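Turn this into a structure:
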Amino acid sequence: MPAAFLALLLFQLIGSAIQKMLSLPVPGPVIGMFLLAAVLIFKRRRVPEGENPHAGFDSPELSTLSRSLIACLGLLFVPAGVGLMTEMPLLTANALPIAVALFGSTLLGLMVTGIIMHKASGDRPAPERIPDTGGQVL
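Next up is the predicted model:
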């Protein structure tokens, strides 16, 4: 598990360094997340027949750690909600442009994500079937 956590931190560091060097408007951890996804997709396609596809970055430990972090993701929305409440007058003054931007960006994001993942996964079935535990991590 420590190696999987180190891999996540390494890609976040690489993404932050790229963002800082190129002065990109995208957060560094997001760049790192895309780099990690690209490495995992590329590596999975390059594994010869009969070899272990879980060697290197793509491991069961990385999958378990990622699922545990995603299960705790809801806790990160509490500070953002408090921040929204403190800016309520500004939000109500600009409600229509904000609503249009949210709706449009959500649709665009869903379409782009669907297209990219469809092209990246091809016609292969899902690599793992994980039972639904009702959100329970442990």
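
I98 touches L91, doesn't it?
Yes - applying Cβ atoms under 8 Å, one finds I98 in contact with L91, separated by 6.6 Å. (C-beta placed from N, C-alpha, C; glycine too.)

need the helices for this protein, in chain order.
2-22, 28-46, 60-71, 77-86, 88-93, 95-121 (DSSP state H).

Now find how far off-centre the last one is within its chain.
To tie it back to what came earlier, the one meant is helix 95-121. Its chain's C-alpha centre and that of helix 95-121 lie 15 Å apart, by Cα atoms, centre = their mean, to the nearest Å.

Check the first one too.
On the basis of Cα atoms, centre = their mean, the separation between the geometric centre of helix 2-22 and that of its chain is 13 Å.

for the fifth one, same thing?
How far helix 88-93 lies from its chain's middle: 30 Å, per Cα atoms, centre = their mean.

now what about that helix, what contacts it?
Residues outside helix 88-93 that contact it (Cβ atoms under 8 Å, 6 or more residues apart in numbering) are L84, I98.

pLDDT (mean, whole number) over it?
Helix 88-93 carries an average pLDDT of 92.

my guess is A17 contacts P29, does it?
No - contact criterion Cβ under 8 Å: A17 and P29 do not qualify, at 11.5 Å.

would a markdown table of the helices of the chain with mean neighbour count be doable?
Listed next are the helices of the chain as a markdown table, based on neighbours: other Cβ atoms under 10 Å:
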| stretch | mean neighbour count |
| --- | --- |
| helix 2-22 | 14 |
| helix 28-46 | 15 |
| helix 60-71 | 14 |
| helix 77-86 | 9 |
| helix 88-93 | 9 |
| helix 95-121 | 10 |
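
low pLDDT regions in the protein?
Within the chain, the stretches with pLDDT under 70 are 44-58, 123-138.

State the distance from the residue most central in space within it to M21.
Closest residue to the average C-alpha location of the chain: M33 at 5.6 Å, with Cα atoms, centre = their mean. Note on M33: its distance to M21, by Cβ to Cβ, to the nearest Å, is 18 Å.
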